[in-house]
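Student: Structure for this input, please:
(2 chains)
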Amino acid sequence: MVTEVKKWQWFYRLGSPRWFYEITGRWLPWLLCAASLLLASGLFWGLLVAPPDARQGNSFRIIYLHVPAAILALVGYYIMALAGAVGLIWRIKMSFMVMKSAAPIGAALTFIALFTGAVWGKPSWGTYWVWDARITSMLILLFLYLGVLALQRAFSSAEMAYRASAILALVGTINIPIIYKSVDWWHTLHQPATLKLTSASSIHIDMLQPLIVMICGFYVFYVVALCLFTRAEIIRREATSAWVRALVSNESSR
Amino acid sequence: MPELARTPSFLAYVRRDVLLAYRRLGDTVAPLIFFTMVCTLVPLGLSPDPQRLSEIAPGIMWIMALLATLLSIERIFAFDFEDGSLEQLLIAPQLIALPVLAKIVAHWLVTGLPLTLLSPLLAMTLSLPTSAYPAMLLSLAIGSAYLSAVGAVGASLTVSLGRGGLLLPLLVVPLYMPIMIFGTATVFYAVDGLHWSGPLAAMGAMLCAALALCPLAAAAALRVTSA
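Tutor: A predicted model of the protein is given here:
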């Protein structure tokens, strides 16, 4: 019985906001270092060292922001839904806090992906916006994020907001593959003239290497942002608890 | 030991909701009038030219049907929440998913089905080719049932937040986009004289999945939001 309890201790500790706050406080400086190192070297490599594209010249370099943002926007939705599911199933408040924090970050990343795509589209396609399958899917993803954000802010009870938005995030998760497939199919149905610039050629290794560095950098950056948002949420939610009060009084007396 | 035998049957729930909708005839008919009126805006706003109208008619019909459903989906739980019968449903010793499914069916019977039956009339005014009528009727019948099922999840999440909000459309419109794609495609295929059973089958599959999963999600959401 005792060993049984010990085996699950880490799991229950993970559910403690205080423990999460303390452990991420120790990890954050390292994560921040790793993120800035990866992003700085990836940007330097991608923007200055990598060769310009044969057809697009230098404008292709926006992929070093666009692709990582788009990947993390999608991954972020699943992280958000997974955290929500864990919260609903095991009733862990900590998990809901992670879910809530993932929503604004994901929405921002989706917006960055759409915005950089539009900026790239102007010189490459001659227009800021086309109803391309992937662009449309990303736009719908942004709507899904905005729905979760709006629902979170609609409730006066934080507990209710957590659970309701977790259910919505899960419903959205089931719908993402359906949306993606249907939009893809819709696009082939209404195939516009010729905008097949991206899929024609596979990316050259000299361009791919900095991209991989940037993707790794964005992953670490995402974790940093998620930790920071979650820590803020912990302080907000646990404001009345003894340890947060002690923390605040220590900070202010310093 | 709760007496499970006393709990009302599925059909009793459907009958109750349809009867309540009949008693509130004004509210029930409003989406249908909205559907008709907004379809009238199209020739006024775009062009009364039958050729142009017939080209866009399938899309127009579908968008308007979606908006009309959106207008009424809030009511699926709102009245029961206001008069307290939803709370009674939640504390009753039974699976809530079943009455929720009954509410979805009842909502389709009073909104989706009348919309579908009304659609040939509007399709005629928008000069949709007659050959596309069967496709349009079937796609609207299946599609509006899907709209009711998915809309019920959104309505259950927002039921305690008060009425007249714009939150519910914000939540469900992204989820409505796939069925809208297949629904309009079915009619467009029929207009072009192609086999339209493909997209219609996709819609049927989506409806089956929605009918299986949405009552569960909505029931879970009701437990959270109206507790």
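Student: Which residues are in contact with A:Phe218?
Tutor: Residues near A:Phe218 by Cβ atoms under 8 Å, 6 or more residues apart in numbering or on different chains: A:39, A:68-69, A:71-72. All C-beta spots, glycine's among them, are computed from the backbone N, C-alpha and C.
Student: following the helix or strand harbouring it, which helix or strand comes up?
Tutor: Per DSSP states H and E, A:Phe218 falls inside helix A:205-237. Where DSSP H and E defines the elements, the next helix or strand beyond helix A:205-237 is helix A:242-253.
Student: Return the list of helices and strands in contact with that following helix.
Tutor: Judged by 3 or more Cβ pairs under 8 Å, 6 or more residues apart in numbering or on different chains; DSSP states H and E, helix A:242-253 is in contact with helix A:205-237.
Student: angle of the helix it packs on against helix A:242-253?
Tutor: Going by axes from the mean of the first three to the mean of the last three Cα atoms, to 10 degrees, helix A:205-237 is angled at 100 degrees with respect to helix A:242-253.
Student: Mind listing what's buried along helix A:205-237?
Tutor: A:207, A:210-211, A:213-231, A:233-234, A:237 (16 or more other Cβ atoms under 10 Å in any protein chain shown).
Student: element containing the most centrally placed residue in chain B?
Tutor: Nearest to the geometric centre of chain B sits B:Ser148, at 3.4 Å (Cα atoms, centre = their mean). Per DSSP H and E, B:Ser148 falls inside helix B:133-158.
Student: Distance-wise, check the residue nearest to the centre of chain B relative to B:Glu74.
Tutor: Here the distance between B:Ser148 and B:Glu74 works out to 12 Å (Cβ to Cβ, to the nearest Å).
Student: can you check A:Ala50 too?
Tutor: Per Cβ to Cβ, A:Ala50 is found 53 Å from B:Glu74.
Student: swap in A:Gly15?
Tutor: In this view, A:Gly15 and B:Glu74 are 36 Å apart by Cβ to Cβ.
Student: Likewise for B:Val100?
Tutor: Counting by Cβ to Cβ, the gap from B:Val100 to B:Glu74 is 15 Å.
Student: So for the two, which residue has more residues nearby?
Tutor: Higher neighbour count among B:Val100 and B:Glu74: B:Val100, with 27 against 20, using other Cβ atoms under 10 Å in any protein chain shown.
Student: Please work out which residues outside the helix or strand hosting the more buried one touch it.
Tutor: Secondary structure assigned from DSSP H and E places B:Val100 in helix B:97-107. Contact with helix B:97-107 is made by B:10-11, B:13-14, B:16-18, B:21, B:72-73, B:75-77, B:89, B:145, B:148-149, B:151-152, B:156, B:211, B:214-216, B:218-219, B:222, as judged by Cβ under 8 Å, 6+ apart.
Student: could you redo the last one with a cut-off of 7 Å?
Tutor: Helix B:97-107 is contacted by residues B:10, B:13-14, B:17-18, B:21, B:76, B:89, B:148-149, B:152, B:214-216, B:218-219 when judged by Cβ atoms under 7 Å, 6 or more residues apart in numbering or on different chains.
Student: can you pull the buried residues of stretch A:159-176?
Tutor: A:160-173, A:175-176.
Student: Write out the residues of the stretch 151-254 of chain A neighbouring chain B.
Tutor: A:151, A:154, A:160, A:163-164, A:167-168, A:171, A:174-175, A:178-179, A:182-183, A:186, A:189 (Cβ under 7 Å from any Cβ of the partner chain).
Student: and the next element down the chain from whichever helix or strand A:Phe115 is part of?
Tutor: If you go by DSSP H and E, A:Phe115 is part of helix A:93-125. Moving toward the C-terminus from helix A:93-125, the next helix or strand (DSSP H and E) is helix A:133-154.
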